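*Asks:* quick one, what's the 3D model for this:
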Amino acid sequence: MNVILGINAFHADSAACLLVDGILIGAIAEERLGKRIKHSSEFPGYAIRRLLESSGLRLKDITHLAIARDTKANLVNKIEYVLRNPINSAGAVREFFNRRKGAKTIEQLMAQTLDEDAINCRFKVVNVEHHLAHIASAYYLSPYESLTGGLSYDGSGDFASMMAARCEGNKIKILDRVVLPNSLGFFYTALCQFIGFEKFGEEYKVMGLAPYGTDEYHDEMKVLIKEKSNGWFSLNSNYFQMHRGGASGLMTDSGAIDVEKNYTSKLIELLGPARKGVEELTKREKNIARSTQVRFEEISVHCVNRLADLVPSNKLVMAGGCALNGVTNARLLRDTPFKSQFIQPASSDDGTCLGAAYYTWHQVLGNTERFEMKHAFWGPKYSDFFIEKIAKKTKYVVKQCQDDQELVEHTARMIKDGLVVGWYQGNSEWGPRALGNRSILADPTNSNMKDIINSKIKRRESFRPFAPSVLKEDVDLYFEQYVDSPFMMHVVRIREEWQGRLPAVTHVDGTGRLQTVDSTSNFLYHKLINEFKRLSGVGILLNTSFNENEPVVDTPEQAYDCFVRTEMDSLCMGKYIFKKA
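*Replies:* Sure thing, here's the model as predicted:
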């Protein structure tokens, strides 16, 4: 029996997954468990323990430990960069050696995590380069086995920011890399910081803000980053700074990811003063966001078209933080030869644990048997026993449903009546999106609903849109571009005749961040949307993540606590419905 534990460790979005003879057993981001710190970069001990305990496995059973990191990768490029930039890179070099000093071995960390003796570590360690792990996470879990293009792009990992690959059968062949300081991800992050979104992982806010602006800074963006006619792209290093130390994903004492400023004073000379996060957003920031998004799309289209020249196929797999940009993903389907896409739900760095594990299964062990990821529900599940304990002590009205039909009928009726409902069912989602098991749901036709949820529950910026979960069979009815997007990875224009009828999920530019739902991948959620359609005539629900400025809820207790402290109207947890008077 081959037991492969894949981990993303020593990096933001730490996570773990477990494979047994090539079959995915589970995958969990560390932020969901334990200390519940967003984008945690701590060793994924809670995730590892949960996976092994729920599978009845111990340390001695692990045959391979796959790590999505290879410090030897791109070593020549690293040395050349340090030699060219001795002053700027001194902090990063010093940080590297300080972190190595006194660091525990992976065997010691695993033994400590599982409270066992390190003598039980019998696994072989496999290090997989960051972007190769990203591509493997998409390709090896996709439905594709014939010739496929592979692309990974983000800020950086193992000193590269992008990788292009040819995928076929059980093999991934690296065709090219873009190494630092050139990085499309750093470009987007730097402008995100400049606009005033300074916390780690806030790039999605730029994508949400962009439709409120106009592309008035297009010429300036062309100064910052350029397409290369015989290659990929180049970043103007006069305006950006990186790898000076302190930007490696370590956490501060307060639990936040340590992020240094990615831009220089030259960017202020080009665009004017940077906005501080506490200041009001003006038309200028909205326009900068728009121009940033437009330029990002242009460079992405250029790179994917170049990949199409190298890999003549209509199939594309993508991963990396940049692949979470749903507006760009939909455009790539329209404007490149790749007409079929697969992006697994944890496209950011947590997903590299999957890629490291499946790279080990296919290319280290030589296996050809494929595993296709058909749904996203690979996280923890809690039995009705835990929910029943809460139901017995709650101060709220509780209804115990006898079956799924009664549950969806009552829930759909509450949503139709204008209530905001917490929906907690089955296994939690893998990745950052709520996809119908840890969701807050509402009526998409209610013109006040977006403001209600933002003010009473989410307490977030008003410009950020909410997603429409739509019956897969109804996509063509509501959207101009047909995309099967079960993991909410595409932003698509809603048909004009429906925009006014779906105000709660229609963004200012007439788009929606689409999630397609079918009865095979999530029977209960599909059944609920169908019931809402029977009542309302609309096969869509407003769907947002079940949380309040925290990681998505994991346990029933966390779901109940979120329900209690917010102005959520009802909570549907397992077969129990909790309702505030």
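*Asks:* give me the domain ranges for the protein.
*Replies:* 3-130, 384-579 (automatic domain parsing).
*Asks:* mean pLDDT lowest for which of these?
*Replies:* Across the domains of the chain, domain 3-130 has the smallest mean pLDDT, namely a mean of 88.
*Asks:* any idea how far that one is from the chain center?
*Replies:* Centroid displacement of domain 3-130 relative to its chain, using C-alpha atoms, centre = their mean, to the nearest Å, is 19 Å.
*Asks:* okay, how far is it across it, tip to tip?
*Replies:* 21 Å (C-alpha to C-alpha, to the nearest Å).
*Asks:* tell me which residues touch the closest residue to P551 other than its chain neighbours, please.
*Replies:* Distances taken as C-beta to C-beta, 6 or more residues apart in numbering put E31 closest to P551, at 4.5 Å, once the chain neighbours are dropped. No exception for glycine: its C-beta is placed from N, CA and C like everyone else's. The contact partners of E31, by C-beta atoms under 8 Å, 6 or more residues apart in numbering, come to 13-14, 37-40, 551.
*Asks:* which parts of the stretch 201-350 of the chain are strands?
*Replies:* Here the stretch 201-350 of the chain has its strands, by DSSP state E, counting those that start in this stretch, at 225-227, 233-235, 315-319, 340-342.
*Asks:* got JSON lines for these, with mean pLDDT too?
*Replies:* As requested, the strands of the stretch 201-350 of the chain are arranged in JSON lines below (pLDDT from 0 to 100):
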{"stretch": "strand 225-227", "mean pLDDT": "97"}
{"stretch": "strand 233-235", "mean pLDDT": "97"}
{"stretch": "strand 315-319", "mean pLDDT": "98"}
{"stretch": "strand 340-342", "mean pLDDT": "98"}
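*Asks:* these: which one's closest to Q112?
*Replies:* strand 315-319 (30.3 Å; C-beta to C-beta).
*Asks:* mind listing the strands the closest one pairs with, and their directions?
*Replies:* Strand 315-319 pairs in its sheet with strand 148-157 (parallel), strand 340-342 (parallel), by DSSP bridges.
*Asks:* contacts for the shortest one, please.
*Replies:* The reference is to strand 340-342. 138-139, 141-144, 314-318, 329, 332-333, 489.
*Asks:* which ones among those residues map onto helices?
*Replies:* 138-139, 329, 332-333 (DSSP state H).
*Asks:* buried subset of the residues you listed as a ChimeraX selection?
*Replies:* A single ChimeraX command selects the buried members of these (16 or more other C-beta atoms under 10 Å):
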select :138,139,329,332,333
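*Asks:* which one of the ones in helices among the contacts of strand 340-342 sits closest to V364?
*Replies:* V364 has its nearest neighbour among these in Y139, at 15.4 Å by C-beta to C-beta.
*Asks:* give me the pLDDT value at the closest one.
*Replies:* So Y139 comes in at 98 (pLDDT).
*Asks:* I'd like the numbering to begin with 2 instead of 1 from here.
*Replies:* Taking 2 as the first residue, the last one we looked at is Y140.
*Asks:* tell me if I'm right that it and S153 touch.
*Replies:* No. Y140 lies out of contact with S153 (C-beta atoms under 8 Å); the separation is 10.2 Å.
*Asks:* quick check: neighbours shared by the two?
*Replies:* A166.
*Asks:* would JSON lines of the strands paired with strand 316-320 with distance to D519 and mean neighbour count be doable?
*Replies:* Below are these laid out as JSON lines (distance: least, C-beta to C-beta, whole Å; neighbours: other C-beta atoms under 10 Å):
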{"stretch": "strand 149-158", "distance to D519": "23", "mean neighbour count": "27"}
{"stretch": "strand 341-343", "distance to D519": "16", "mean neighbour count": "20"}
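*Asks:* TSV please, covering these and showing distance to S522.
*Replies:* Conversion of the strands paired with strand 316-320 to TSV gives the following (distance: least, C-beta to C-beta, whole Å):
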stretch	distance to S522
strand 149-158	22
strand 341-343	14
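*Asks:* indicate which one of the ones you listed is closest to Y360.
*Replies:* Judging these by C-beta to C-beta, what sits closest to Y360 is strand 149-158, at 11.9 Å.
*Asks:* convert the C-alpha atoms of the closest one to CSV, please.
*Replies:* Taking Å, rounded to 0.1, in the frame of the first residue of the first chain, the C-alpha atoms of strand 149-158 are listed here in CSV:
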residue,chain,number,x,y,z
THR,A,149,-2.8,19.5,-22.6
GLY,A,150,-1.2,22.9,-21.9
GLY,A,151,-0.1,23.5,-18.4
LEU,A,152,0.4,27.0,-16.8
SER,A,153,1.2,28.1,-13.3
TYR,A,154,1.6,31.7,-12.3
ASP,A,155,1.7,33.7,-9.0
GLY,A,156,3.9,36.0,-7.1
SER,A,157,6.8,33.6,-6.6
GLY,A,158,7.8,30.2,-5.5
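*Asks:* next helix or strand past it?
*Replies:* strand 161-169 (DSSP states H and E).
*Asks:* and that next one, which strands flank it?
*Replies:* Partners of strand 161-169 in its sheet, by DSSP bridges: strand 149-158 (antiparallel), strand 172-180 (antiparallel).
*Asks:* wait, isn't R167 in contact with D177?
*Replies:* No. Contact between R167 and D177 fails when scored by C-beta under 8 Å: they sit 10.3 Å apart.
*Asks:* number of nearby residues for M2?
*Replies:* 7 (other C-beta atoms under 10 Å).
*Asks:* quick one: the helices in the stretch 302-451 of the chain?
*Replies:* Using DSSP state H, counting those that start in this stretch, the helices of the stretch 302-451 of the chain run over 327-336, 353-360, 385-394, 405-417, 450-454.
*Asks:* quick one: which of the ones you listed is nearest P557?
*Replies:* helix 385-394 (4.7 Å).
*Asks:* what helices or strands is the closest one leaning on?
*Replies:* helix 557-566, strand 577-580 (3 or more C-beta pairs under 8 Å, 6 or more residues apart in numbering; DSSP states H and E).
*Asks:* I'm done for today, thanks for sticking with me.
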